[in-house]
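Asker: Return a 3D structure for these sequence lines:
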Amino acid sequence: MTGTLDYGSIMNRAMRFFVQQVLSEVSQNGLPGDHHFFITLDTTYVGLEMAPWLHERYPEEITVVMQHWFDNLEVDDIGFSVTLNFGNNPEVLYIPYDAIITFVDPSVEFGVKFEQTDAASKSGDAAYSIARTTNKKETSEKTDQSSASRPSSSTGEKDADIVRLDEFRKQ
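Answerer: You can find the predicted model right below:
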């Protein structure tokens, strides 16, 4: 046992759970009012799944927007899957919570920046890989059973915007 509590890690885990709860609510009920999310991702995180062309274009990080057009939002304990529109190209992303750098809802001036550790963001986690493989099979079976009755999360036909949050960060 160490001599101190790692409050930073505890807070990071709590805030990632918070993001999971927010996304679960949105997956069930859609985005209420003017809410929308800017989510910056570490594209080097081993568990992140995205199209190769997107990874080539954004080799280190990408900010995605969930606002006017998104679909198939599925949330699990490891991360979430969502279909976003990139220049009229719908692409499925799987985003582990640990790959999130920032989560911002500008409609209510809320945002959180997660501390990234080199070990976690660059190497992934063996437990993640096992859980993700298992969850993929379970999610696939659940999706097949419920996709006909599940309402779409789409709220319009506008392309997703990719926004860099660097200009909004305080120095």
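Asker: How many neighbouring residues does residue 56 have?
Answerer: By the criterion of other C-beta atoms under 10 Å, residue 56 has 9 neighbours. In this view, the C-beta of every residue, glycine as well, is placed from N, C-alpha and C.
Asker: mind checking which helix or strand of the protein has the lowest mean pLDDT?
Answerer: Lowest on mean pLDDT, DSSP states H and E among the helices and strands of the chain sits helix 126-146, with a mean of 40.
Asker: Run through this protein and note the low-pLDDT ranges.
Answerer: Residues of the chain that meet the criterion pLDDT under 70 lie in 1-2, 116-171.
Asker: Scan it for its longest helix.
Answerer: Counting by DSSP state H, the longest helix found in the chain is helix 7-29.
Asker: Now do the next helix or strand along the chain from that one against helix 7-29: the angle between them, please.
Answerer: Elements were assigned by DSSP states H and E; along the chain past helix 7-29, the next helix or strand is strand 37-42. Counting by axes from the mean of the first three to the mean of the last three C-alpha atoms, to 10 degrees, strand 37-42 points 130 degrees away from the direction of helix 7-29.
Asker: Any buried residues in the longest helix of the chain, and which?
Answerer: Buried positions in helix 7-29, judged by neighbour count with 16 or more other C-beta atoms under 10 Å: 12, 15-16, 19-20, 22-23, 26-27.
Asker: which among those residues gets closest to residue 80?
Answerer: Minimum distance to residue 80 across those is 5.3 Å, recorded for residue 23 (C-beta to C-beta).
Asker: Pull the contacting residues for that closest one.
Answerer: Listed by C-beta atoms under 8 Å, 6 or more residues apart in numbering, the contact set of residue 23 reads 73, 75, 80.
Asker: So which of those sit within strands?
Answerer: The strands, defined by DSSP state E, take in 73, 75, 80 from the contacts of residue 23.
Asker: just checking, the last one touches residue 95?
Answerer: Yes: counting by C-beta atoms under 8 Å, residue 80 sits close enough to residue 95 to count as a contact (5.7 Å).
Asker: buried stuff in stretch 63-76?
Answerer: Neighbour-count burial for stretch 63-76 flags 63-70, 72-76 (criterion: 16+ other C-beta under 10 Å).
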